[in-house]
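**Student:** Provided below for reference: sequence and predicted model.
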Amino acid sequence: MVAAFYKFVALPGFIELQQSILQSAISNEVMGTILLAQEGINGTVSGPENGVRELLDFIKSDERISDLEHKESWAAENPFYRMKVRLKKEIVTLGVEGVSPTKTVGEYVEPEDWNDLINDPNVIVVDTRNDYEVAIGTFKGAVDPETTSFRELPKWVEGQDNLLKGKKIAMFCTGGIRCEKSTSYMKAQGYEDVFHLKGGILKYLETVPEEQSLWEGECFVFDQRVSVGHGLEQGPYDLCHACRHPITDEDKASELYAIGVSCPRCYNKQTTQQRQRFIERQKQMELAKLRGEKHISADQDSERLKKREAQKEHAARSNKNAPHENKH
C-alpha cells in the first residue's frame, strides 16, 4: 500500500516529532519519506497495509494533525528503498518569505467540479509542476511555466501580467501541496480569483471517470512507479537513474541509453566524470543483485535509530547489573 499525504498546519516543536514518527515507521515495516517543518507535514510512504495504517494512526494521534487526509494506491513492489523523516524549513520549497497557506489560500475545487471550472473561457489553467513532469501529461489547455524547480514559479508569475491580469486562475499539481502554496503566493501578489484542485491530479484521476476526464497522458510520481494513470494504475514509464527523468521504451531502444548511466535526454549533458560514476554505481547495483542484496538496502536512518536503541538497552542492562554503591 502506498499513502501520500500533507497538511499545512502550525507545528511548533516539530523537531520533537522526528524520532517518534521514524520509530513508528520502522516498527511497522514502512518505507518512504516524510518531511516536517514549522508549516506542516508532507510525505509518501509504502509498506504492508496494516503497517501503513498504523503509522498514519500514530501521526494523527497528534491533535494538530488529527484530520490529516491521505491518498491510497497500490504497487506490486515497495516503491521505496528506505525510510527517512527529514526536518525542513518548508515542506514544499517556494523560497518566498511570508507565504503561508495557513493564513491565506485560494479556493478549493473538488475533482468533480474541476472540469466545469477549467472549461470556462475566462479561466487560465496553470500547471505548477516542473517541466519533466508536464512532459508526460497535463490537463487539456493548461499553461506550462517550463520551470525546472518550484522555486522558479514566482519569477514566472512576475512576467505574466498580460496573461493573468483580470482572469480567474486555476492551479494544479500532483497531490495538492504545490498548488495550495502557489495560490497562497498568488493571493499575496494581489490576485483575487484564484482556485486550486483539491487533492491534486492524483485525486482527480482516482475520482473522475476516464470517459469524462480532461487529463491527457500520465501523471509523474516521485517513487519507483514513475507514473500513474486513471484509477492510479501504474503507467508505462521507467526512470533514467542518471538524470531522474521519465523515459519510454523508445528511449530505452536508443543507442544513447545505458541502464543506470544515460538516456537520450542527458547523454550529451554529462561530463566524463559523471558518466564514469554512473557506470560504477550501476556495476555495484548489478553485483549486489547477483548476491541477492539491495544496493540501497541499509536504511541509514533506520540503522542509526536501531543503534541508539541498542545503546540505550545496553546502558539500561549495565546499570541494572552494576553493583550498588554502599552508602553506609
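**Tutor:** Arrived safely.

**Student:** which pLDDT value goes with the closest residue to residue 149 other than its chain neighbours?
**Tutor:** Take residue 149 and drop its neighbours on the chain: the residue closest to it by C-beta to C-beta, 6 or more residues apart in numbering is residue 130, 6.4 Å away. Just so you know, the C-beta spots here come from the backbone N, C-alpha and C atoms, and that holds for glycine as well. As predicted, residue 130 sits at a pLDDT of 95.

**Student:** quick one: residues contacting residue 130.
**Tutor:** Contact analysis of residue 130 by C-beta atoms under 8 Å, 6 or more residues apart in numbering lists 147-150.

**Student:** ok, of those, which one's closest to residue 87?
**Tutor:** Of all those, residue 150 has the smallest distance to residue 87: 18.8 Å, by C-beta to C-beta.

**Student:** wait, that closest one sits on residue 92?
**Tutor:** Yes - in this structure residue 150 lies within contact range of residue 92 using C-beta atoms under 8 Å: 6.5 Å.

**Student:** what do the two both touch?
**Tutor:** residue 178.

**Student:** make sure residue 108 is indeed in a helix.
**Tutor:** No - counting by DSSP: H, G, I helix; E, B strand; the rest coil, residue 108 is not found in a helix; it is strand.

**Student:** okay, and the beta partners of it?
**Tutor:** Note on residue 108: beta-bridge partners by DSSP bridges are residue 196.

**Student:** what's the local residue count around residue 86?
**Tutor:** Neighbourhood size, residue 86 [other C-beta atoms under 10 Å]: 15.

**Student:** just list the residues touching the closest residue to it other than its chain neighbours, thanks.
**Tutor:** Nearest residue to residue 86, sequence neighbours excluded (C-beta to C-beta, 6+ apart): residue 35, at 5.3 Å. By C-beta under 8 Å, 6+ apart, the contact set of residue 35 is 41-43, 86-88, 91.

**Student:** now these: which count as buried?
**Tutor:** Taking 16 or more other C-beta atoms under 10 Å as the criterion, what is buried in those is 41-43, 91.

**Student:** what about the helices in the stretch 151-300 of the chain?
**Tutor:** With DSSP state H, counting those that start in this stretch applied, the stretch 151-300 of the chain shows helices at 153-158, 161-164, 177-188, 200-207, 249-252, 272-290, 300-321, listed in chain order.

**Student:** among the ones you listed, which is the most enclosed?
**Tutor:** Stretch with highest mean neighbour count among the helices of the stretch 151-300 of the chain: helix 177-188 (a mean of 24; mean count of other C-beta atoms under 10 Å).

**Student:** thanks a lot, see you next time.
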